[in-house]
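Participant: coords please:
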Amino acid sequence: MESIFLSEFIVNIDVAIYQFVDSIMNTALNTIFTIITHLGDTPGIIWFVIGIPLLIPRKTRKLGVLLFAGLAISSLINNVCLKEFIERPRPYNLDPEVWANAGYEYVWPGLIKKSSSWSFPSGHTSTSIGAAFALLLGCRKKELAVGIPAFIISLLIGFSRIYVHVHYPTDVIAGIIVGLIGGVIAYFLIDKLFMKKAAPALEKKLNKKLF
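Facilitator: As a prediction, this is how the structure comes out:
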């Protein structure tokens, strides 16, 4: 598996995106993206801030359930299955010769603490995209004012992981893909199965309208 990530194609993608990021780094953006990246810290602070208020009113409860389902499913796929199987080292743990051979000098900016977990795919990215995409899929037209900003936040969290240099760009690209898949699975399970079968049975048993 390691040889795939050391291939010229993958390394060149990572280097090209890192070079762009390095070219735009400044004090203001350092502060902004450090804050943004912490929004996705386990268990996903921003998604609890958005999701819990959605669970309270009955008219938005389904959206809250979708968000947390997307968060959970994407986390399961990414952090439990893929990361532990693939075992890609973090970019700051990569042999410096790999960067040098690609004509790039990787410099740890020290904006956040280093992580000891495996790198691929990006967990912050996948869980954030999964939560936001499931939410977005469940939004009716008038609810897009919540869904669209949430999805933009998820993309910014993904980019922030590259900006603070804790992930390779290809980790984040893979995290986006995992998150989109997790969001779709969550939407299918909640909208097509839970809402049509489990929810009515639960409401009947409780004699209370939940959704």
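Participant: C-alpha only now, for contacts and for neighbours.
Facilitator: Noted.
Participant: Dump the host helix or strand of residue 62 to PDB, restricted to CA.
Facilitator: In the assignment (DSSP states H and E), residue 62 maps to helix 61-75. Extracted C-alpha coordinates of helix 61-75, given in PDB (Å, rounded to 0.1, in the frame of the first residue of the first chain):
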ATOM      1  CA  ARG A  61     -35.600  16.800  13.700                       C
ATOM      2  CA  LYS A  62     -35.100  14.700  10.600                       C
ATOM      3  CA  LEU A  63     -32.300  17.000   9.500                       C
ATOM      4  CA  GLY A  64     -30.600  16.600  12.800                       C
ATOM      5  CA  VAL A  65     -30.900  12.800  12.600                       C
ATOM      6  CA  LEU A  66     -29.500  12.900   9.000                       C
ATOM      7  CA  LEU A  67     -26.500  15.000  10.100                       C
ATOM      8  CA  PHE A  68     -25.600  12.800  13.000                       C
ATOM      9  CA  ALA A  69     -26.100   9.600  10.900                       C
ATOM     10  CA  GLY A  70     -23.800  11.100   8.200                       C
ATOM     11  CA  LEU A  71     -21.200  11.900  10.900                       C
ATOM     12  CA  ALA A  72     -21.300   8.400  12.400                       C
ATOM     13  CA  ILE A  73     -21.300   6.400   9.200                       C
ATOM     14  CA  SER A  74     -18.500   8.500   7.700                       C
ATOM     15  CA  SER A  75     -16.500   8.200  10.900                       C
END
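Participant: Need the contact partners of it.
Facilitator: With contact meaning CA atoms under 8 Å, 6 or more residues apart in numbering, helix 61-75 is reached by 47, 51-55, 123, 126-128, 130-135, 138-139, 178-179, 181-187, 190, 210-211.
Participant: Those in helices, which ones?
Facilitator: 47, 51-55, 123, 126-128, 130-135, 138, 178-179, 181-187 (DSSP state H).
Participant: so how far is residue 170 from the residue nearest in space to the middle of the chain?
Facilitator: Note on the chain: the residue nearest the mean C-alpha position is residue 125, at 2.1 Å, using CA atoms, centre = their mean. Distance of residue 125 to residue 170, computed by CA to CA, to the nearest Å: 11 Å.
Participant: Then residue 109?
Facilitator: Going from residue 109 to residue 170 by CA to CA gives 19 Å.
Participant: The two: which is more packed in?
Facilitator: Under the criterion of other CA atoms under 10 Å, the comparison of residue 109 against residue 170 puts residue 170 first, with 21 against 13.
Participant: Does the more buried one touch residue 13 like I think?
Facilitator: Yes: in this structure residue 170 lies within contact range of residue 13 using CA atoms under 8 Å: 7.3 Å.
Participant: Now the helix or strand containing residue 160 - C-alpha only, PDB.
Facilitator: Assigned by DSSP H and E, residue 160 belongs to helix 144-163. C-alpha atoms of helix 144-163 as PDB (Å, rounded to 0.1, in the frame of the first residue of the first chain):
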ATOM      1  CA  LEU A 144     -31.100  25.200   2.100                       C
ATOM      2  CA  ALA A 145     -30.100  28.200   4.200                       C
ATOM      3  CA  VAL A 146     -28.900  25.700   6.700                       C
ATOM      4  CA  GLY A 147     -27.600  23.000   4.400                       C
ATOM      5  CA  ILE A 148     -25.500  25.100   2.000                       C
ATOM      6  CA  PRO A 149     -23.500  26.900   4.700                       C
ATOM      7  CA  ALA A 150     -23.000  23.700   6.500                       C
ATOM      8  CA  PHE A 151     -21.500  22.100   3.400                       C
ATOM      9  CA  ILE A 152     -19.300  25.100   2.800                       C
ATOM     10  CA  ILE A 153     -18.000  24.800   6.400                       C
ATOM     11  CA  SER A 154     -17.200  21.100   5.800                       C
ATOM     12  CA  LEU A 155     -15.200  22.000   2.700                       C
ATOM     13  CA  LEU A 156     -13.300  24.700   4.600                       C
ATOM     14  CA  ILE A 157     -12.500  22.100   7.300                       C
ATOM     15  CA  GLY A 158     -11.100  19.800   4.700                       C
ATOM     16  CA  PHE A 159      -8.900  22.600   3.200                       C
ATOM     17  CA  SER A 160      -7.800  23.600   6.600                       C
ATOM     18  CA  ARG A 161      -6.200  20.100   7.100                       C
ATOM     19  CA  ILE A 162      -4.000  20.800   4.200                       C
ATOM     20  CA  TYR A 163      -3.300  24.300   5.300                       C
END
